[in-house]
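Trainee: Predicted model follows, preceded by the sequence.
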There are 4 protein chains.
Amino acid sequence: MSISSQFDSGNIEVRDASNPSDIRLAIRHDAGGVFMQWFHFRLHGVRGQRLRLVIENAGDCSYADGWHGYRCAASYDRADWFRIADTFYDGRELVIEFTPEQDTVWLAYFEPYSQERRLDFLGRCACSPLVQVECIGTSLQGRDLDVLHIGSGPRQIWAQARQHPGESMAEWFMEGLIERLLDAADPVARELRERASFHLIPNINPDGSVLGHLRSNAAGINLNREWHAPTLAQSPEVLHAQAAMRKIGAELFLDIHGDETLPYVFIDGSHMVPGYGERNLALQAAFLENLKRASPDFQTEHGYRDDRFTGEMMTLCSKWAAATFGCVALTLEMPFKDNANAPDPRTGWNGARSKRLGAAFLQPILDHLRLLAD
Amino acid sequence: MSISSQFDSGNIEVRDASNPSDIRLAIRHDAGGVFMQWFHFRLHGVRGQRLRLVIENAGDCSYADGWHGYRCAASYDRADWFRIADTFYDGRELVIEFTPEQDTVWLAYFEPYSQERRLDFLGRCACSPLVQVECIGTSLQGRDLDVLHIGSGPRQIWAQARQHPGESMAEWFMEGLIERLLDAADPVARELRERASFHLIPNINPDGSVLGHLRSNAAGINLNREWHAPTLAQSPEVLHAQAAMRKIGAELFLDIHGDETLPYVFIDGSHMVPGYGERNLALQAAFLENLKRASPDFQTEHGYRDDRFTGEMMTLCSKWAAATFGCVALTLEMPFKDNANAPDPRTGWNGARSKRLGAAFLQPILDHLRLLAD
Amino acid sequence: MSISSQFDSGNIEVRDASNPSDIRLAIRHDAGGVFMQWFHFRLHGVRGQRLRLVIENAGDCSYADGWHGYRCAASYDRADWFRIADTFYDGRELVIEFTPEQDTVWLAYFEPYSQERRLDFLGRCACSPLVQVECIGTSLQGRDLDVLHIGSGPRQIWAQARQHPGESMAEWFMEGLIERLLDAADPVARELRERASFHLIPNINPDGSVLGHLRSNAAGINLNREWHAPTLAQSPEVLHAQAAMRKIGAELFLDIHGDETLPYVFIDGSHMVPGYGERNLALQAAFLENLKRASPDFQTEHGYRDDRFTGEMMTLCSKWAAATFGCVALTLEMPFKDNANAPDPRTGWNGARSKRLGAAFLQPILDHLRLLAD
Amino acid sequence: MSISSQFDSGNIEVRDASNPSDIRLAIRHDAGGVFMQWFHFRLHGVRGQRLRLVIENAGDCSYADGWHGYRCAASYDRADWFRIADTFYDGRELVIEFTPEQDTVWLAYFEPYSQERRLDFLGRCACSPLVQVECIGTSLQGRDLDVLHIGSGPRQIWAQARQHPGESMAEWFMEGLIERLLDAADPVARELRERASFHLIPNINPDGSVLGHLRSNAAGINLNREWHAPTLAQSPEVLHAQAAMRKIGAELFLDIHGDETLPYVFIDGSHMVPGYGERNLALQAAFLENLKRASPDFQTEHGYRDDRFTGEMMTLCSKWAAATFGCVALTLEMPFKDNANAPDPRTGWNGARSKRLGAAFLQPILDHLRLLAD
Ligand SMILES: [Ca+2]
Ligand SMILES: [Ca+2]
Ligand SMILES: [Ca+2]
Ligand SMILES: [Ca+2]
């Protein structure tokens, strides 16, 4: 039996793999040593063996409470990901027990989304006459920051994903949103392309994604605390995105995330941003209502408390966008675990459900544009 | 150059094909000699030739006015269907002019949907654990009347298509609705499967469909005038469907159609049915409103006058269902031409757009179920 | 429980289906009443029931001996076909016993190949710049006789399939041969397209195929006994094909068949045709040798005796071609059962294996062309 | 306009990209500074502009003569790769001129094959009951060295690819060979799986492949000069492979490569290895003859001189295998350019043609096994 993680978004430290029924592992910190929780590794030579894997430093992770109720994602073919029922957290260690049916099995915190997948997806999109692909700059390690420009309408809509690179559901979401927006037969997409111009950043933290980080870029910086004052030295990803955004403006801003703890899909709005105004409050409330109708996976009961980010609020992307553009700016959070209102024991929340949510977003966005037009 | 139509839903009579720039054609009547307008044929040996096809009896067709503004559907590969811009109607003849780019080209009144495609589709569905396939009887010529039963909820929802076999868009619609309803990752589908039991008849007139009829079954009977008193001798398709429906009941009934004349998607409701009641009126109005939000291809401005069917009203399927089950019962009409509110010059209204509409229907159906539950 | 067969190539007569453990069936004769053995039907409402189906007139079929060792083909989704192990023949009745896992199951003598599948396949081919599609005439019932012309070389190669319509493996074979011949990256295909011009008739008996016949066209005529004197009245399929062949000539001729009795792939050559000559004998021997190397499914040990067709020899297609064009002309036979040299208990011989054999034929054809060029 | 290469197998140094009609580039050395010739980069913001790219250090590359007659590979979607006709080499610089049709275009020395593609491919294979996946060790940077074990026969056959990581055609070849070997309907594959056990290493230098190297691993070591004495410190890839090979033995050994200079597919045999013996000489000659028949892309006229590797001969993989196992051991070389005997101006030699060659190899391997059995 052996374990490896030298691939896109791989992350594990093998402390002792000599005993299949007591494999001792640790999650590697993001660069900078502040964050950790994402893991992704491959097990070899394990068919038919009862395995017990122990992540020894689970209790030291960024959102250790998130392990309660969490079940590990696994795949034999890297396409179909299922959850391992026997995943336990005792407040210190995360224990994963199962008997693989194949020689090789992949385990991850969540169904991964690789750079190669994104580049292939961009390649397909780029050949659509409906799309312009623009590289607005590069990350610290020199990876492209790609924006897809779709539509020809006067309203400007931005969406970006994976500031926190371990939240791969965010990129699945973007794939779903973009695929539907390019569907020539979909009347919602068609009206959207006429009413607005979309500016979509599938991955704003490509370094952190490849490196297997949870929350930070190659320098260990949490990009979603940089929007007040990004720098070329430590957060060029934000700096470049802001420049592009300022040039174009925004009448709706979406920042796509995952949440380690809450087993729900929810939105953190910008109502606490000074000067947000009555109109945006009303538009935001309408957006949430309309999204709830378009996707039963979305709900408004569970979410962050309004004072969660008080001190650092203006360092956050969506709050910055709300203040800068005076528009509705929303942070979407999807679960690492499952939607407790509609659990799927086999898959938990996964890439496919994130894609459907991305597609469903077109509906409240259209409603938003119609309200703007009124 | 030669012309053939001996295949599923083929329909044309070649009067004179000796001159490519003046090909004289006629549409064949449905059995019974009452209806005609559907056509579907194949041209051979035509690459690079300027063709002029004249359908001489266009003016005698069932909905001759429908030819105004109509453009012929065509395909080289039977998968991608486009419209022929140079389609003209002078009140008597329909003239189609174009220069094929391939040896062979297929022409049809609308993108066809064959029996083999349905059987293959049923085959795929049948292997889903979410589906039960039931044969509720056979047509006059012995073809199966298949119902897909999906979902386990207490509300009973029926949808059926292609009473009028020339309206192939109706079967594309069903494919779209069914595919989404079986999508394991779609939360709307999931909630629907929990709240209701669906009973879906993709094609209730399989004989007429294969025979290339416009409006009738193998005996030339318009099934949508038989619901007051179907008989085994001339409308067993309706008789069998009614029996199955009565056994199960209905809390929503959808009958899917195409309309030859109006370039819009619209619904003919059952508000004119005696005893429909306030609640159904309100539910029906809500359904239309919710559908309009879910699909910009749907509209409520253009449609049939309420007195269109007065004398024969109770012979129609959806009116019969409204009266029998006391539920909301709707007739959906899609255009043979295009949606004039969102025209697509290349394709007109087509199979893919019909499928998207079928998928979009899940939203107002869910809204309906929630209202029922209130 | 019910049984139906009103679809492409359907064939069964239900004598008594009242008792699932003793379903009494009969195969319907081809038109003309001479031939029968093909069957194809669908069972409804059978999930989880132990079925016993009895084909009562199996012993009266054209090749009754062929039932020995035969196992019925079945499919739940019309895509994956498997064999039913418990198929027995007692010299009079064929008994099929199994417990379906789905509501609906399809049974057939062999994995079917429908007209719609052919038309879709032709549609895809027609859009390749490497192909010209020609309709060389129509069948008795007006179905197209399509020829695919592929390649630009000086040697003329003909292949045709399904004279005997119940031999659907022959059309799978053609699909495999044609797909490989159109593969832009395959060097064998490429050299073939440069050395020769191929003229390929995927189905020369489209009526019989749709009608669910075993061996004859719509008039009940065995086309492979018509090549000495075809007529417009009873064998237009042969008449039209001959005219096209005479115009072009042939330097290799392949007629693709299935055999009811022998569990082997074999070729019946034309060495018994007067005047075949030493060169053709040598070329034929080389072809068989080269095919054996290219496809281990082919063998030369088992086959027809040379005197099998003595009296009627010149009425057969390949013998007629050998005599007319002075070229190597071969009749390929594939089993309805399995290849006893390499049996696959799950599938028996099937469509996929027939396709691989069609693809493998490119090798001996290339060898043949090289020998011709020497 | 901008240029990037921070992705799997990316390699370029941008010296001056300020002027689209004179973009100055250089290829980056492999680690160790000895080798260079592979390049792979992406251009942004270039739609509709006439570009002139100059690789300034082309003349210093490992096989500078290979640039003569070479045309750059390019793709808009990363799936369809074409060649740029206006690629020129003047003995010092390589100049590439073209006008991209899309915003973004990818350029490479040859159609790339990424680690993610391999891992996805392994994932699909791993779920076949015909395959066992084994990790035999890791590379210098910790990437898995995967072997696919296929088949259950007594003869041991090894194939490996991408010792030289810039030769991505070698991995396409492996994909083609493996896909065919797993085809349940292919009788050649089936007989092979019965006669032999295959041990297939799709990529024996995964570090060099990701790093965009031409010929070496992460330490800059040319693995194909290490087989006499591999070390854990600088060539663990060879060390681990040798260990696995010695345990199993070999009766045929294939090492898959690309050649920068010759526009032909050829094999460098092991006849110059002392003690190769008459039998292996005959078997090797038969293999080449049989491959020539199975793939017209293969030829025996052009190739390496027998004394090419004299001094270092025993450091080469296939020679080592010949000496160690006393078996036929072959080095396959495919062109970076095209097969001059069958040129395809649009694609040159590419991934698809490499895959077809891999599939065609099954034929001479089967012939080899039959000869061994005699
Ligand atoms: Ca987050
Ligand atoms: Ca209608
Ligand atoms: Ca036959
Ligand atoms: Ca090499």
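Mentor: Arrived safely. Ligands and ions are numbered 1, 2, ... in the order given.

Trainee: tally of neighbours for the nearest residue to A:Ile12 once chain neighbours are set aside?
Mentor: Spatial nearest neighbour of A:Ile12, chain neighbours left out: A:Phe41 (3.9 Å); criterion: CB to CB, 6 or more residues apart in numbering or on different chains. (C-beta placed from N, C-alpha, C; glycine too.) The number of residues packed near A:Phe41 is 22, by other CB atoms under 10 Å in any protein chain shown.

Trainee: Let me know whether A:Phe41 touches A:Ser5 as I believe.
Mentor: Yes: between A:Phe41 and A:Ser5 there is a contact under CB atoms under 8 Å: 4.2 Å.

Trainee: Run a quick neighbour tally on the closest residue to A:Val131 other than its chain neighbours.
Mentor: Spatial nearest neighbour of A:Val131, chain neighbours left out: A:Cys125 (4.9 Å); criterion: CB to CB, 6+ apart. Here the number of neighbours of A:Cys125 (other CB under 10 Å) works out to 24.

Trainee: in what helix or strand does A:Cys125 lie?
Mentor: In this assignment (DSSP states H and E), A:Cys125 forms part of helix A:115-126.

Trainee: The following helix or strand past that helix pairs with which strands, parallel or anti?
Mentor: As assigned by DSSP H and E, the chain's next helix or strand after helix A:115-126 is strand A:131-138. Strand A:131-138 has these partner strands in its sheet, going by DSSP bridges: strand A:144-150 (antiparallel).

Trainee: where's the nearest residue to A:Asp65 once chain neighbours are set aside relative to A:Tyr304, distance?
Mentor: Among residues not flanking A:Asp65 along the chain, A:Thr261 sits closest, at 5.7 Å (CB to CB, 6+ apart). Relative to A:Tyr304, A:Thr261 is positioned 10 Å away (CB to CB, to the nearest Å).

Trainee: Could you give me the buried positions within the helix or strand harbouring A:Pro364?
Mentor: Assigned by DSSP H and E, A:Pro364 belongs to helix A:362-373. Buried residues in helix A:362-373, counted by 16 or more other CB atoms under 10 Å in any protein chain shown: A:362-369, A:372.

Trainee: ok so, going back, distance-wise, check the residue nearest to A:Val131 relative to A:Arg117.
Mentor: A:Cys125 is 13 Å from A:Arg117, where distance means CB to CB.

Trainee: Enumerate the residues of the stretch 251-374 of chain A near chain B.
Mentor: Within the stretch 251-374 of chain A, the positions adjacent to chain B are A:293-297, A:339, A:342, A:344, A:350, A:352-353, A:355-356, A:360, A:363, A:366-367 by CB under 8 Å from any CB of the partner chain.

Trainee: quick one: the strands in the stretch 151-300 of chain A?
Mentor: A:155-161, A:196-201, A:252-259, A:266-268 (DSSP state E, counting those that start in this stretch).

Trainee: Figure out which of those strands is closest to chain D.
Mentor: strand A:196-201 (14.2 Å; CB to the nearest CB).

Trainee: tilt between the closest one and strand A:155-161?
Mentor: 20 degrees (axes from the mean of the first three to the mean of the last three CA atoms, to 10 degrees).

Trainee: looking at this, A:Leu107 is in a strand?
Mentor: Yes: assignment of A:Leu107 by DSSP: H, G, I helix; E, B strand; the rest coil places it within a strand.

Trainee: Without its sequence neighbours, what residue ends up closest to it?
Mentor: A:Ala74 (5.2 Å).

Trainee: hang on, the one you found in a helix?
Mentor: No: under three-state DSSP, A:Ala74 sits outside any helix and is assigned strand.

Trainee: and it, what is it in contact with?
Mentor: By CB atoms under 8 Å, 6 or more residues apart in numbering or on different chains, the residues touching A:Ala74 are A:81-84, A:98, A:105-108.

Trainee: and which of the residues you listed is nearest to C:Phe35?
Mentor: Nearest to C:Phe35 among the contacts of A:Ala74, counting by CB to CB, is A:Phe82 at 52.3 Å.
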